[in-house]
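**Student:** Build me a model from this:
(3 chains)
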Amino acid sequence: MTETAPLLEIRHASKSFGAVKALVDASLVLQAGSIHALVGENGAGKSTFVKIIGGLHPRDGGDFELAGRPVDFKSTAEAKDAGIAVIYQEPTLFPDLTVAENLFVGRQPYTRYGTIDRARMRAETRALTARLGVEIDPDREARGLSIADQQIVEIAKSISLNANVVIMDEPTAALSGVEVDRLMGIARQLRDEGKGIIFISHRFDEVFALCDTITVMRDGQYIATNATADVTEAEIIRQMVGRSVDNLFPKEPAEIGDVVLAVDRLSRDGVFDDISFEVRAGEIVCLAGLVGAGRSEIARAVYGVDRYDSGTVRMNGAPLRRHSPTDAMRLGVGFVPEDRRKQGLAMTAGVQTNITLAIRNQLARLGFITTRIEAEPAQEWARRLQVKTRALDTEAGMLSGGNQQKVVIAKWLATRPKLLIIDEPTRGIDVGTKAEVHRLISELAGQGVAVLMISSELPEVLGMADRVLVIHEGRLTASIDRAEATPERVMYAATHGVEEVAR
Amino acid sequence: MTAVIKTTPARRSFGEWLFRARELSLVLLILIVIAVTTIAQPTFLFNDGGLRDLLRTPAMLIVVAIGEAIVILTRNIDLSVGSILGLTTYFVGNLMHTAPGIPVLVDVLLGVVFAAVLGLVNGLLVAFLNVPSLVITLGTLYAYRGIAVLWIGGNFVRPEWVPDGFQGFGKDGVLGIPWLLIVAAAVMVFFGWFLAGRRTGRELYAIGSNPDAAVLYGLRTRRLTFITFIISGALAGVGGIIYLSIFATGDSKVGTGYEFQAIAAAVIGGVAIVGGSGRIWGVALGAFFLATLGSALPVLNVPSLWQQAIVGLLIVAAITLDRVFFLVRQRRARKAVMV
Amino acid sequence: MTATTGQAAPPSRYLLHDKPLWRRLLLRPEAALILALVLVVVLSIVLVPHYLRPNANYTFSTLLLNAIPILFLLLPLMLIIVTGDIDLSVGSVLGLSSATVGLAVQAGIPLLVAAVMGVLVGAMAGVINGVLVTVVGLPSLAVTIGTLALFRGIAVGLLGTTAITDFPPEITKFFSGSIPGTPIPWQLLFWIVLAIVFGVLLHLTPFGRGIFAIGRSIETATFSGVNVNRTRLILFVLSGLVAGLAGVFFTLQYSNAIGSNGNGFELRAVTAIVLGGVSIWGGRGTLIGAIVGGLFIAALNKSLQVFGVGDDAIYVITGVALIVSVVIASIAGFISRRRKVQASVA
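**Tutor:** I've put the predicted structure just below:
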């Protein structure tokens, strides 16, 4: 059998953003007619890798060859022309345009009279979507299409653009069971047509069912490539997690006290169902699970930023009013959100302004607040968290990711919360600051604060949590104590439904 | 191959459908207005110039509203169209007076160019300096109006200045249809075709629908935004020239407040105030409806002084209803997804 | 557990400010504006011989009297702009309030009650704006363009072409007069109180901190416990209320209730605010800046009038000033953002 050049080959790619090394040494070889899985934890560098392949970012170093020829994309348009299509988790369609128009945006076919040939667009759209096994009305507007359908439209678009390489970035994160099957069928179809698919996913059942090859990344580095047939789930997990978990996170033992947060049968139609758990003073409870399982939604519902349909939340016995962050704050809840830039910080405001935002009411004397009044708490908390900045009025947008996260945490610690909810505490942060944040959380627990943490990084979960609550597709599938928590147990509960885990 | 799955179509209530089938509702509304007014005062329609006036008065608003609609489609707004209209009226009238040797057609063309340049200023500032169109056109609304006042002062275009042929064009028609309406119809047909049938036209919708995605896909956002303001200015100028041919006069106050009528016509005609959707055909009908209403009110003994209030009310009502229906549809779609 | 990768340990005490005070003050947009204001006044004094003469009291007081309606309107409007919204209907609300007062007085209603009615009409207008923006969720630009036309239209419709000029002369003299021996109009005292209230509200209360937070990032504000919609609603109501009050004062000052009262005031108010260094995109600015902006425009107008340029030039100047100031703000923002990106990557 002749050795044809692989469809796509990247070797030793590297990429840094300022001081943050997102990719250190990443490699991937994609053959035609293959579905190639790319797995790794959060922060392993998969997203950056994909963005480089897709032409969004230029790489700093390494070789990139497409069908044997070296390439260097300066824009997403160039990558598209070369036959690379990326389907993101959140598709970007034009809501007011029809499905057919979205598919052909910018390159609508003309009739011989010089007008757009709607009939042809319609027919081709129908044909494409039918080929993918879906019946979508080409004339309906894209607004209101489910995420699954939007993805189909994106995939159809990539096919019509004659893409050879289709990258799917966590495509099933927002899909239901039926839609996942449909997507997998489409992937297989594309493979059979000779295209190469890079499939990024956390869900091992899908990865093992669908992909013939699995590449593992960790900490921005290439770890290994495995033929699916020759490897087990456990082995993959080991490659992903790699290092020994023990010494990395300095968790101090803390005295566990009374129940602070009591969540009972919390449900939100279509998002999460029947969630009940407790968090005690001094305890660190971690919500683990795959991206899109609903953990952030649960936390936000508890805090009051999102709604919920039924169930109750109690703080130290007192009922927490639905959909009212003010009430939550009053009862002593703090919330460090997932997206620090958009939800945690006012990027154009200074460090002091950010740190004192949540305590503005408490700081006020006789209803008034001044910069001088704000300065003291700002000094204190910036110092305690060791925020690296020249001055307190430096704009938050100018700080490094790690320091930004410290400012957000400082803001919430300043409220002296009884319960701190913290969503992805160390996402996108350098290793050193990560350790600092973990130390902080540990200290907090030691001081009697109840901590509810959400994390997608297994080592972090296993290292920090007194108890791990695993969420799978909006349901609580397992509650595992620290002593019994292993990566395998957590991963299993994260990837399987309630009934299976119970067995 | 996996089973074929149908996606949920959007279902609507009848009332919503009626509102959404905008053009049909507007035609109905226009007929109702005409009918009611004619019943109250038969000379409204059945008069020497009745039908003619009914058909030619909207021409001005149709043209200006189409220009405004094109700007709104891309998620911008042009508040200066009234001022541009007024300036152009005097510009052309004055030109006809001071340079009678120039053929009328050239005068008209120069007027359009003049107006287009005024729109170009808007376009430059909005598209290339990234300044919100609201602020820029608010500034040019007053700047241009101020220039008009400074330039024109108490002066005004006199009917003697305007050649008879030009005035005749404003009055006459073919087969009972006034020339002016034909002009407006031509504008409507051209832009309707362009927006629906050409890639560039569809790009405008895309830019208004999702500006970030538009940039991501490499659509020519800057250049097209720039051009929309030139078009808006030029069409406002055409409106001013139509004014001149109808009234053969023009002072420093012409066009004051007209931008609101243009915006109202666009919004009533189905253009979303945030951009991304709307049909030119609908805008023309919206303008026709509004202009006819304006003619009907005095006949119905509603003082035309109330016209501005009605325009404002229609704007608010149209965008509110649009939004309410949108929210209802969204809620219904969300429920349908939850399986 | 050690500290991080070899960088210097953070200071035990931080500097409050990155740059020294004088540099900070100089870099602020308000500084440029105050400079421009001083320049205009000085130039006028130099070039126009009778600017400072004994008659000058009169000139200065008319300058201030002309500026006062705008100074009223811009107080709540500036707060609205800081949250990222806008209220273009302020001029029309002033006109509507004026119409209400005029018609009420004409109908024999005692002046005080008529004045209260005017203020209440303004507040109601503010409620309409606020509800459409916060409850229905419409963009404030679209809503206030519609209500600009609607409220103006109602004022014109109610008054028709008539002007109501019959007001008690003692009252109108008060509102158009000044403290004896000074150029300070009596009205200004009311305004000073209101300006202090708004200034304190914005810069010295938690509510004001919340306003800035909304302008910078609505999501962050929500997460930080700011009641975004309630704040926005309150601001729109305040805007209507103050515009209503301004309408009462304006009517009594000129002893004239006519449908065109307040025409173009929204332009002047927005221009004043933007000139004053308030970002049109929200999240930044000082009330003092907006006030100085208002004074600057008034001074500019007055100087031009004294030079013999007509009243109509005001519109051109104001329109151009608005455009120029936004363009400058946009370019300045672009430059500073580029500088920051370079600094952070370095």
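**Student:** Residues of chain A that sit close to chain B?
**Tutor:** A:75-77, A:92-97, A:101, A:105-108, A:114-116, A:130, A:133-137, A:140-141, A:144-146, A:149, A:176, A:178, A:181-182, A:185-186, A:189, A:269-270 (C-beta under 8 Å from any C-beta of the partner chain). Placement of C-beta: from N, CA and C, glycine included.
**Student:** quick one: low-confidence parts of chain C?
**Tutor:** Residues of chain C that meet the criterion pLDDT under 70 lie in C:1-12, C:48-58, C:311, C:340-346.
**Student:** Quick check: PyMOL command selecting the buried ones in the residues of chain A next to chain B.
**Tutor:** In PyMOL syntax, the buried subset of these is picked out as below (16 or more other C-beta atoms under 10 Å in any protein chain shown):
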select buried, chain A and resi 76+93+94+95+96+97+101+105+108+116+133+134+136+137+140+141+144+145+146+149+176+181+182+185+186+189
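**Student:** Counting only helices, which of the residues of chain A next to chain B make the cut?
**Tutor:** Secondary structure defined by DSSP state H assigns A:76-77, A:101, A:130, A:149, A:178, A:181-182, A:185-186, A:189 of those to helices.
**Student:** any chance of those in a markdown table, with distance to A:K51 and pLDDT too?
**Tutor:** Conversion of these to a markdown table gives the following (distance: C-beta to C-beta, whole Å; pLDDT from 0 to 100):
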| residue | distance to A:K51 | pLDDT |
| --- | --- | --- |
| A:T76 | 9 | 79 |
| A:A77 | 14 | 77 |
| A:E101 | 27 | 92 |
| A:A130 | 32 | 85 |
| A:D149 | 25 | 84 |
| A:V178 | 30 | 76 |
| A:D181 | 28 | 84 |
| A:R182 | 26 | 84 |
| A:G185 | 27 | 89 |
| A:I186 | 23 | 88 |
| A:Q189 | 26 | 88 |
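**Student:** Out of the residues you listed, which comes closest to chain C?
**Tutor:** A:T76 (20.6 Å; C-beta to the nearest C-beta).
**Student:** residues touching that closest one, list them.
**Tutor:** Residues counted as contacts of A:T76 (C-beta atoms under 8 Å, 6 or more residues apart in numbering or on different chains) are A:54-56, B:216, B:218.
**Student:** Stretch A:253-264 and chain C in contact?
**Tutor:** No - between stretch A:253-264 and chain C, judged by C-beta under 8 Å from any C-beta, nothing touches; the nearest distance is 15.7 Å.
**Student:** Can you name the residues of the stretch 101-250 of chain C sitting close to chain A?
**Tutor:** Counting by C-beta under 8 Å from any C-beta, the stretch 101-250 of chain C comes close to chain A at C:200, C:204-206, C:209-210, C:212-213, C:216-217, C:219-225, C:227.
**Student:** domain ranges for chain A?
**Tutor:** As recorded under automatic domain parsing, the domains making up chain A are A:8-93+A:145-241, A:243-332+A:418-503, A:339-416.
**Student:** what separates the residue most central in space within chain B from B:L31, distance-wise?
**Tutor:** By C-alpha atoms, centre = their mean, the mean C-alpha position of chain B lies nearest to B:A65, the distance being 0.1 Å. Separation of B:A65 from B:L31 (C-beta to C-beta, to the nearest Å) stands at 20 Å.
**Student:** which residues in the stretch 201-346 of chain C form strands?
**Tutor:** Remark: strands of the stretch 201-346 of chain C are absent; assignment by DSSP state E, counting those that start in this stretch.
**Student:** for the stretch 151-300 of chain A, that is, sorry about that
**Tutor:** Using DSSP E, counting those that start in this stretch, the strands of the stretch 151-300 of chain A run over residues A:165-169, A:196-200, A:213-218, A:221-227, A:259-268, A:272-280, A:284-289.
**Student:** Repeat that for the stretch 151-300 of chain B.
**Tutor:** B:173-174, B:177-178.
**Student:** Turn those into CSV, including mean pLDDT.
**Tutor:** Output for the strands of the stretch 151-300 of chain B, formatted as CSV (pLDDT from 0 to 100):
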stretch, mean pLDDT
strand B:173-174, 82
strand B:177-178, 85
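**Student:** could these be laid out in a markdown table, adding distance to chain C and mean neighbour count?
**Tutor:** Conversion of those to a markdown table gives the following (distance: least, C-beta to the nearest C-beta, whole Å; neighbours: other C-beta atoms under 10 Å in any protein chain shown):
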| stretch | distance to chain C | mean neighbour count |
| --- | --- | --- |
| strand B:173-174 | 32 | 12 |
| strand B:177-178 | 28 | 18 |
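**Student:** Please give me every residue in contact with the closest residue in space to A:L103 that isn't next to it in sequence.
**Tutor:** In space, A:L103 comes closest to A:K157 once its chain neighbours are excluded; the distance is 5.0 Å by C-beta to C-beta, 6 or more residues apart in numbering or on different chains. For A:K157, the contact set (C-beta under 8 Å, 6+ apart) comprises A:85, A:102-103.
**Student:** Turn those residues into a markdown table, including pLDDT and neighbour count.
**Tutor:** Below are the contacts of A:K157 laid out as a markdown table (pLDDT from 0 to 100; neighbours: other C-beta atoms under 10 Å in any protein chain shown):
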| residue | pLDDT | neighbour count |
| --- | --- | --- |
| A:A85 | 88 | 21 |
| A:N102 | 92 | 28 |
| A:L103 | 90 | 26 |
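**Student:** Between the residues you listed, which sits nearest B:L224?
**Tutor:** For the contacts of A:K157, the closest approach to B:L224 (C-beta to C-beta) belongs to A:N102, at 18.1 Å.
**Student:** From A:A119, how far off is that closest one?
**Tutor:** Counting by C-beta to C-beta - A:N102 and A:A119 are separated by 17 Å.
**Student:** again, but for C:V113
**Tutor:** Distance check for C:V113 against A:A119: by C-beta to C-beta, it reads 69 Å.
**Student:** do A:D230 as well
**Tutor:** Between A:D230 and A:A119 the distance is 51 Å, computed by C-beta to C-beta.
**Student:** got CSV for the strands of the stretch 151-300 of chain B, with distance to A:M464 too?
**Tutor:** As requested, the strands of the stretch 151-300 of chain B are arranged in CSV below (distance: least, C-beta to C-beta, whole Å):
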stretch, distance to A:M464
strand B:173-174, 82
strand B:177-178, 79
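**Student:** mind listing what residue 298 touches?
**Tutor:** Went with chain A since none was named. With contacts defined as C-beta under 8 Å, 6+ apart, the neighbours of A:I298 are A:266, A:272, A:275, A:287, A:471.
**Student:** that's the wrong chain, I meant chain C
**Tutor:** Applying C-beta under 8 Å, 6+ apart, we find C:A298 in contact with C:63-64, C:66-67, C:70.
**Student:** just A:V305 next, same as before
**Tutor:** Contacts for A:V305 were tallied using C-beta under 8 Å, 6+ apart; they are A:323, A:325, A:335, C:222-223.
**Student:** Now A:T415: which helix or strand?
**Tutor:** With elements delineated by DSSP states H and E, A:T415 resides in a region that no helix or strand encompasses.
**Student:** Please tell me I have it right and it contacts A:I359.
**Tutor:** Yes - the pair A:T415 and A:I359 qualifies as a contact (C-beta atoms under 8 Å) at a distance of 5.4 Å.
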